[in-house]
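Chemist: mind folding the following:
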Amino acid sequence: MELNLNTHPNIIDPDTFYATLVAANEQLTLEQSAELAMRLVFLLANQIGDPQTLANCIDIARKPFTQSHGEPQ
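Modeler: Purely as a prediction, here's the structure:
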């Protein structure tokens, strides 16, 4: 079941957010950058809290990496 999630731009100041995100990754190795991304995911997931909403977000994020019949590309 897919909830009605807002997938349209909703960040008040997206340029500042992007600059902050890029700056947070400066001087990190690829591995450290991946760990930072996962830590950020868990912090944001904790803010959402609802398991069904989180599952729906994962499904939406995964869609570009799957073919029409649900198999990985």
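Chemist: please tell me how far Leu40 sits from Tyr18.
Modeler: Using Cβ to Cβ, to the nearest Å, we find Leu40 at a distance of 13 Å from Tyr18. For the C-beta atoms, the positions are set from N, CA and C on the backbone; glycine is no exception.
Chemist: any stretches of this structure with poor pLDDT?
Modeler: Counting by pLDDT under 70, the chain has low-confidence residues at 1-3, 67-73.
Chemist: the longest helix in it is where?
Modeler: For the chain, the helix with the greatest residue count under DSSP state H is helix 30-48.
Chemist: may I see the buried residues of the helix or strand following that helix?
Modeler: Next helix or strand after helix 30-48 toward the C-terminus (DSSP states H and E): helix 51-62. By neighbour count on 16 or more other Cβ atoms under 10 Å, the buried set for helix 51-62 is 56-57.
Chemist: by contact count, what packs against helix 51-62?
Modeler: With contacts taken as 3 or more Cβ pairs under 8 Å, 6 or more residues apart in numbering; DSSP states H and E, helix 51-62 sits against helix 30-48.
Chemist: check the gap between Leu21 and Ile48 for me.
Modeler: Leu21 sits at a distance of 18 Å from Ile48 (criterion: Cβ to Cβ).
Chemist: hang on, the earlier thing: check which helices and strands the longest helix of the chain is in contact with.
Modeler: helix 14-25, helix 51-62.
Chemist: now it: how far from the chain's centre is it?
Modeler: Taking Cα atoms, centre = their mean, to the nearest Å, one finds helix 30-48 lying 9 Å from the centre of the chain it belongs to.
Chemist: so it versus helix 51-62, what angle?
Modeler: With axes from the mean of the first three to the mean of the last three Cα atoms, to 10 degrees as the basis, helix 30-48 and helix 51-62 are set at 140 degrees to each other.
Chemist: quick one: which of the helices and strands packed on helix 30-48 is nearest Asn4?
Modeler: Between Asn4 and those, the tightest spacing by Cβ to Cβ is seen for helix 51-62, at 9.3 Å.
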